[in-house]
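Participant: Sequence and predicted structure, then a few things I'm wondering about:
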Amino acid sequence: MPVDEIERIRAAYKKRKNEESLYSLFNPGQLLMTQQLERALLRVLADHGVTSLRDKRILEVGCGAGWRLQQFINYGAQPENLSAVDLQENAILAAQAINPKIEYTCGNAENLPFPDQSFHLILQFVVFTSILHQEMKHNVAAEMLRVLQPTGFILWYDYYVSKPTNPDVKGIRRREIRDLFPNCMFEFHRVTLAPPLVRVIAPHSFLLCYLLEKIPWLCMHYLVVIRKKVPLKTDCRLEASV
């Protein structure tokens, strides 16, 4: 992977530090979007029979300062079962300061430092849209599949539309997601009302935002459950009769 792509990603995330107030939970729009996503996440986990995270090994690719994994601890995950990787050293240091029991690694997710089939659940939240180099996307996706257990699944949350005002991100649609994770099964959900709308409306009416999010084409992200296809066992009786 060209070093310049990694440096470009790091530089893009540094720029976002100037927008911290935009992503603060004291911002009504950000609070509402966080609650929308949390409801969708818990619903999807429950639909797939995951109502206890106590024994689940979980990896987050692109963890930032570790806020998402802290959220999963609130859902019942155990810190010693959690791992995370991020390119930004300052983010990793901040995350470790918050919860040193979680295994944090500063590095490139193209080479995950974990054995095959290590995790029940792998999280990817708004990371792939920040990777513009196609080869890097494929390498990271391949590593995620490598360390995923056969019966586990990936939770993908990301934009499916590009932001005209932000050249550092590029939306990823269904076809590309399927291409990144070959031989997998997919369950797509449109979630998160368009952030520009939320930031205008939420300070005045959460109710109107809740109503608008029921209109699928106003939601700008996919929440995707990605599972490996498990080969069917060969029927021994059929083999014997051939």
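Facilitator: Alright, I've got the coordinates. Numbering: from 1, shown residues only.

Participant: Tell me which helix or strand comes right after the biggest helix by length in the chain.
Facilitator: Of all segments of type helix in the chain, defined using DSSP state H, the longest is helix 28-47. Next in sequence after helix 28-47, counting helices and strands by DSSP states H and E, comes strand 58-61.

Participant: Show me how far that following strand is from its chain's centre.
Facilitator: Centroid separation for strand 58-61 versus its chain: 8 Å, with C-alpha atoms, centre = their mean, to the nearest Å.

Participant: for stretch 124-142, same thing?
Facilitator: 11 Å.

Participant: ok, what's across the strand from the residue nearest to the spatial centre of the chain?
Facilitator: Centroid-nearest residue in the chain: residue 124, 2.1 Å away (criterion: C-alpha atoms, centre = their mean). Bridge pairing for residue 124 (DSSP bridges) gives the partners residue 61, residue 156.

Participant: pLDDT score for it?
Facilitator: With respect to pLDDT, residue 124 scores 97.

Participant: go on, residue 164?
Facilitator: 79.

Participant: Give the residue spans of this protein that score low on pLDDT.
Facilitator: For the chain, the stretches with pLDDT under 70 are 1-3, 17-20, 231-242.

Participant: circling back to that earlier point, contacts for the longest helix of the chain?
Facilitator: Residues outside helix 28-47 that contact it (C-beta atoms under 8 Å, 6 or more residues apart in numbering): 22-25, 51, 71, 75, 155, 157, 187, 189, 191-193, 195, 198-203, 206, 209, 213, 223, 225. C-beta: built from backbone N, CA, C; applies to glycine.

Participant: And those, which of them are buried?
Facilitator: 75, 155, 157, 189, 191-193, 195, 198-199, 201-202, 209, 213, 223, 225 (16 or more other C-beta atoms under 10 Å).

Participant: so of the residues you listed, which ones are in strands?
Facilitator: Among those, the ones falling in strands (DSSP state E) are 155, 157, 189, 191-193, 223, 225.

Participant: would you list the residues you listed in CSV and tack on distance to residue 11?
Facilitator: Below are these laid out as CSV (distance: C-beta to C-beta, whole Å):
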residue, distance to residue 11
155, 27
157, 23
189, 32
191, 29
192, 26
193, 29
223, 28
225, 32
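
Participant: which pair in these spans the largest distance?
Facilitator: For these, the maximum inter-member distance is 20.7 Å, found between 193 and 225 (C-beta to C-beta).

Participant: what secondary structure does residue 179 sit in?
Facilitator: Per DSSP: H, G, I helix; E, B strand; the rest coil, the local secondary structure of residue 179 is helix.

Participant: can you tell me how far it sits from residue 70?
Facilitator: In this structure, residue 179 and residue 70 are 32 Å apart, going by C-beta to C-beta, to the nearest Å.

Participant: Near the residue nearest to residue 203 when sequence neighbours are not counted, how many other residues are there?
Facilitator: Leaving aside its sequence neighbours, residue 203 sits nearest to residue 28 (C-beta to C-beta, 6 or more residues apart in numbering; 4.6 Å). Residue 28: 17 surrounding residues under other C-beta atoms under 10 Å.
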